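Colleague: Give me coordinates for this.
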Amino acid sequence: MYLKAKIKTLISNFKPLTKEEVDLIVERTVVKEFKKGEILLREGQIPTKCYMVVEGCIREYLIKNGDEKSTAFYTESETFTPPSQKGKPSNHYWECVEDSVLTVSTKGYEEELRALLPRLNDVFQQIAIDKINFAKEELSQFISSTPEERYLNLLEKKSHLLARVPQHQIASYLGMKPQSLSRIRKRVIEKEKNLAK
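Modeller: Sure, this is the predicted structure:
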């Protein structure tokens, strides 16, 4: 019951769904629990599922020259869909950073919902547009910022990740080595101490 209530709250954030539409979606939503370290998608697999995080944290990464490169983290209320084109094998992995509870949907599930609620086409389209615009903004900011600015941006917008994700994965996500992240964190803490004097 608790999870259904939480899902209802999360889905209610997708505008402009009515209470009846939200209830129908929640009623048909498939919810699954996954353990920390569980892999939801591997490189080379053809992705068939989309997810929304109810509880937990998921890391998206790829392997380049033998090194894992973190490309995204998804936490409560965020949705994630295959990064590759339909029917193409994935270049990425999705891994549970924590024990996680996720809604799981497939193409068939989405088609069934759209048949019941034709207005969902517009809602799904708006969600997709918002995600694309957000990703563009994040990429522009990443490309045009220094490593320290990237860390400060993470502190401002996603500070909760610092307590939930191993430092080497955060460093990879920010495009630096763990040692560089340690130096930047020390520098930022020193600056804050000096400002507080």
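Colleague: Can you list the low-confidence ranges for the chain?
Modeller: 1, 15, 83-86, 197 (pLDDT under 70).
Colleague: now the strands: where do they sit in it?
Modeller: 30-34, 39-41, 49-55, 57-64, 67-75, 79-80, 93-96, 100-106 (DSSP state E).
Colleague: Present the ones you listed as TSV; the columns should include distance to Leu10 and mean neighbour count.
Modeller: C-beta: built from backbone N, CA, C; applies to glycine. Shown next, in TSV, are the strands of the chain (distance: least, Cβ to Cβ, whole Å; neighbours: other Cβ atoms under 10 Å):
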stretch	distance to Leu10	mean neighbour count
strand 30-34	11	15
strand 39-41	19	18
strand 49-55	7	19
strand 57-64	15	18
strand 67-75	12	17
strand 79-80	9	19
strand 93-96	18	22
strand 100-106	8	19
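Colleague: Which of the ones you listed sits closest to Ile189?
Modeller: Closest approach to Ile189 among the strands of the chain (Cβ to Cβ): strand 67-75, 22.4 Å.
Colleague: Show me what that closest one packs onto, helices and strands only.
Modeller: On a contact count with 3 or more Cβ pairs under 8 Å, 6 or more residues apart in numbering; DSSP states H and E, strand 67-75 meets strand 49-55, strand 57-64, helix 161-164, helix 167-173.
Colleague: Distance to Lys88 added to these, as a markdown table?
Modeller: Shown next, in a markdown table, are the helices and strands packed on strand 67-75 (distance: least, Cβ to Cβ, whole Å):
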| stretch | distance to Lys88 |
| --- | --- |
| strand 49-55 | 15 |
| strand 57-64 | 14 |
| helix 161-164 | 29 |
| helix 167-173 | 24 |
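Colleague: per-domain residue ranges of this protein.
Modeller: What automatic domain parsing lists as the domains of the chain is 2-144, 146-197.
Colleague: Could you tell me how far the first one lies from the centre of the chain?
Modeller: Yep, that's domain 2-144 we're talking about. The chain centre lies 7 Å from the centre of domain 2-144; the measure is Cα atoms, centre = their mean, to the nearest Å.
Colleague: do the last one as well
Modeller: Distance, stretch centre to chain centre, for domain 146-197: 19 Å (Cα atoms, centre = their mean).
Colleague: Export the strands of the chain to JSON lines and append columns for distance to Phe142.
Modeller: Below are the strands of the chain laid out as JSON lines (distance: least, Cβ to Cβ, whole Å):
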{"stretch": "strand 30-34", "distance to Phe142": "28"}
{"stretch": "strand 39-41", "distance to Phe142": "23"}
{"stretch": "strand 49-55", "distance to Phe142": "22"}
{"stretch": "strand 57-64", "distance to Phe142": "15"}
{"stretch": "strand 67-75", "distance to Phe142": "11"}
{"stretch": "strand 79-80", "distance to Phe142": "18"}
{"stretch": "strand 93-96", "distance to Phe142": "20"}
{"stretch": "strand 100-106", "distance to Phe142": "25"}
